[in-house]
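Q: Here's my sequence, what's the structure:
(chains A and B)
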Amino acid sequence: MNAAPVSPVAFGANPFAPSEFERRKVRRASRNKWLMFAFCAVLVIPLVAILVDIFVKAAPVLSLDYLWLNPVNKGKEGGLWAPLVGTFYLVIGSLLFVAPVGILAAIYLNEYAKEGWLNRTISITVTSLAGVPSIVHGLFGLGAFVLTMLPAVNRMIADPNHPETKWEGGLLTASLTIAVMNLPVVITATREALGAVPQAFREACWNLGATRWQAIRTIVLPNSFSGILTGIILVVSRAAGETAPILFTGATFFKWVADSGWDKLFPYNIREPFMALSMHLNIISTQISQMPEVMKFGSAAVLIGLILFINSFAIVLRVWLRGHKRW
Amino acid sequence: MAEFQKVRARKKFRFLDALEKPIEVLIRLCGWSSIIGIAAIFLFIFKEAAPMVPKLDWIHFFTSARWIPNPAPGNPPSFGAWALLVGTFATTFIALIIAVPVGLGAAVYISEFARGKGKETLKIVIELLAAIPSIVWGFIGLMVLGPIIKGIFTAAPGSAWGKIMVAFHLATAETGASQGTNLLTGGVILALMSVPLIVSLSEDALRAVPDSFREAALALGANTWETVRRVLFPAARNGLLAACMLGMGRAIGETMAVLLATGHNNRIPEALTDPVRTMTATIAAEMGETVHGSEHYRVLFILGIVLFIATCGINVASDLIVKGVKKANQS
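A: Numbers count the residues shown, from 1 in each chain, chains lettered A, B, ... in the order given. Okay, the predicted model is just below:
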């Protein structure tokens, strides 16, 4: 009804020249495209600048010695070895708990569960668990592991006459807390990887007489291995960076660590408090007075570098995976 | 016959196959792990908070800004969390004002305009941003962004900029912000933290719109922007809404970043650059100093319950929104 009036075309003029309406349309489209691009730039450029700034300010202390030496004098001198190795064991410990449970849970959801209320409930709880704030996970770890599990353990195995055999909040409780926090991440990533294996593979396997478990073990898992690994790597980086869940569940600011020998590699007992890099950064940037700026920036740079390093592994793996996809 | 027997003889006993039944039971048990996890979280937090629930003056808790857990000897403690609630919602609100347009814009650019290498690079950068831990964001707020914001919002008393700041509630005093860590810094940091989440979820939502929608729009003469504005936004509306809600959930629950970047001052903010204090930061800062079993300790767990219920509500709601769309598309 409301068709645009056809403008009379003057003799000799280009009859295909865009009308004012069309020109405005093109202008608006290109303006909005640049606006969207500007949003990306606003997001990316200042952040890259900030990260570069942190690394530049940290440059005077960054060296292999900085990673290898223990902190001295509340972290004002020395390096980052003790917190780094604590973070390493924390990551390993939480993976030991979360990887088997998470992968098996994803196998259940993707391969066994039928559509229905149970499957639906589990999906919703996975989403909710992913959204629980990290500090609430910390409270949970405190209530469940430090204040409920450890007293029970102590009643069973600790000798009341020897206080050194008592279990305190430490690597074990912190790992368990981080494991619960990362459970939904592992489940989601694994489920995605399992879902990417075509249904026809399973059907072919069943038709050859394989049971459900045989099909999963010989066909589904090998074909989704790299995808699961990518998810695990992301969990590693998350576990290494978290602070709030370990604040009250075992991390401490200072624990003596040997400067040489095997004890330097295995400094922490699972039943004793440990140091972690994120906790170290938290304390030295807020609690210690007269902390040299360069040490704060140094710890931040090492933590950022560690996280980006782990994540780039996951990205490289995924790109490689896409290149080698066989179906 | 001989051939058949040879095959039979070679058939080995496979350990993992013999375990099929127990493994299946184990898998089913692990399938329940997330339900157990969420129930255990609620149970244990509630267990620690329970003795205080009937004793707490709830009206006071939700309306008073007097948070004095450790009063001078002789005075009763006061647990008024109103300023903490306001602090949480103010920082989240500022974060969303920044993060929603930037996140949606970046998602549209990545999903509809960017091509080839540029697209891949942007996606990788956004993913790396999402991986930066919250303590590092807090550190950036404290050491890098805070000084910049303090520099911008500082003026000589009586100067025009100072008067403007007071008139528009940018600062309470004409001299500007009293410290670099404040509501605005915390909001910006939270925005930067929730943008990667909003971008990746919105991009998923946009990608879920069938290509036939785009082709139909283009065939009718719409250009890319008009397709985005008139076709993709309405079609992906619920997915985009869910992305923003999850971004909000992340901003509410964030702890270390706001602990370091908001100034940690328990009062109702009157201007954009006033220091504030959030619920999460209060738990993180005070839990270490409380006596286990004291009233203060239990009230901190009650704050945890409030946070838990709020974020769970947001997550379940956004989940239902997305699922509702899927169902509608199928029918």
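Q: and the stretch 201-331 of chain B, which residues reach chain A?
A: Residues of the stretch 201-331 of chain B lying close to chain A by CB under 8 Å from any CB of the partner chain are B:223-226, B:228-229, B:246, B:249-250, B:252-256, B:259-260, B:280, B:283-284, B:287-288, B:292, B:300-301, B:304, B:307-308, B:311-312, B:314-316, B:318-319. Glycine gets a C-beta too; all of them are placed from N, C-alpha and C.
Q: Quick one: buried ones out of those?
A: Buried members of those, counted by 16 or more other CB atoms under 10 Å in any protein chain shown: B:223-226, B:228, B:246, B:249-250, B:252-256, B:259-260, B:280, B:283-284, B:287, B:300-301, B:304, B:307-308, B:311-312, B:314-315, B:318-319.
Q: any idea where the helices of the stretch 201-331 of chain B begin and end?
A: B:211-219, B:224-226, B:233-235, B:237-253, B:256-261, B:279-286, B:295-330 (DSSP state H, counting those that start in this stretch).
Q: and those helices, which one's lowest on average pLDDT?
A: With a mean of 84, helix B:295-330 has the lowest mean pLDDT of these.
Q: Could you tell me which residues make contact with residue A:233?
A: Contacts here follow CB atoms under 8 Å, 6 or more residues apart in numbering or on different chains; on that basis residue A:233 touches A:310-311, A:313-314, A:317.
Q: which one of those residues is nearest chain B?
A: Distance to chain B across these (CB to the nearest CB) is lowest for residue A:311, with 4.6 Å.
Q: burial count for the closest residue to residue B:259 other than its chain neighbours?
A: Nearest residue to residue B:259, sequence neighbours excluded (CB to CB, 6 or more residues apart in numbering or on different chains): residue B:281, at 4.1 Å. Residues lying near residue B:281 (other CB atoms under 10 Å in any protein chain shown) number 29.
Q: same thing with residue A:203?
A: Residues near residue A:203, counting by other CB under 10 Å: 11.
Q: That one is in what secondary structure piece?
A: Here residue A:203, judged by DSSP states H and E, is contained in helix A:199-207.
Q: picking that back up, got a PyMOL select line for the buried ones in the contacts of residue A:233?
A: Listed next is the PyMOL selection for buried residues among the contacts of residue A:233, using 16+ other CB under 10 Å:
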select buried, chain A and resi 310+311+313+314
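Q: Return only those of the contacts of residue A:233 found close to chain B.
A: Contacts with chain B within these, counted by CB under 8 Å from any CB: residue A:311.
Q: tell me which of the contacts of residue A:233 is nearest to residue B:204?
A: Comparing the contacts of residue A:233 against residue B:204 with CB to CB places residue A:314 closest, at 18.0 Å.
Q: my read: that closest one touches residue A:228, true?
A: No - contact criterion CB atoms under 8 Å: residue A:314 and residue A:228 do not qualify, at 11.5 Å.
Q: ok, how many other residues are close to whichever residue of the stretch 51-200 of chain B sits closest to chain A?
A: Going by CB to the nearest CB, chain A is nearest to residue B:133 of the stretch 51-200 of chain B, at 2.6 Å. Residues lying near residue B:133 (other CB under 10 Å) number 26.
Q: And it, what's its pLDDT?
A: For residue B:133, the predicted pLDDT is 92.
Q: How about it, nearest residue that isn't a chain neighbour?
A: The nearest residue in space to residue B:133 (CB to CB, 6+ apart) is residue A:241, at 2.6 Å.
Q: Which residues are in contact with that neighbour?
A: With contacts defined as CB under 8 Å, 6+ apart, residue A:241 is in contact with A:278, A:303, A:307, B:131-136.
Q: Quick check: it vs residue B:306, distance?
A: As for residue A:241, its distance to residue B:306 is 26 Å (criterion: CB to CB, to the nearest Å).
Q: Next: residue A:180.
A: 20 Å.
Q: Comparing the two, which shows the higher neighbour count?
A: Taking neighbours as other CB under 10 Å, residue A:180 and residue B:306 compare with residue A:180 leading, 28 against 18.
Q: Residue B:232 is in contact with residue B:222, correct?
A: No - look at residue B:222 against residue B:232 with CB under 8 Å: they stay out of range, at 10.6 Å.
Q: These two: which has the busier surroundings?
A: Taking other CB under 10 Å, residue B:222 and residue B:232 do not tie; residue B:232 has more neighbours (22 against 18).
Q: For residue A:224, see how far away residue A:321 is.
A: Distance from residue A:321 to residue A:224, counting by CB to CB: 10 Å.
Q: Just want to know which of those two has more residues nearby.
A: residue A:224 (24 against 16).
Q: Find the nearest non-adjacent residue to that one, please.
A: Closest to residue A:224 by CB to CB, 6+ apart is residue A:193, at 4.0 Å.
Q: Report the contact partners of the one you found.
A: Residue A:193 neighbours (CB under 8 Å, 6+ apart): A:224, A:226-228, A:230-231.
Q: from those residues, which ones fall inside helices?
A: Residues of these located in helices (DSSP state H): A:224, A:226-228, A:230-231.
Q: and residue A:230, what does it touch?
A: A:189, A:193, A:314, A:317-318, A:321.
Q: Next: residue A:87.
A: Contacts of residue A:87 (CB under 8 Å, 6+ apart): A:240, A:276-278, A:306.
Q: Go back to these and keep what's next to chain B.
A: Within these, those near chain B by CB under 8 Å from any CB are A:240, A:278.
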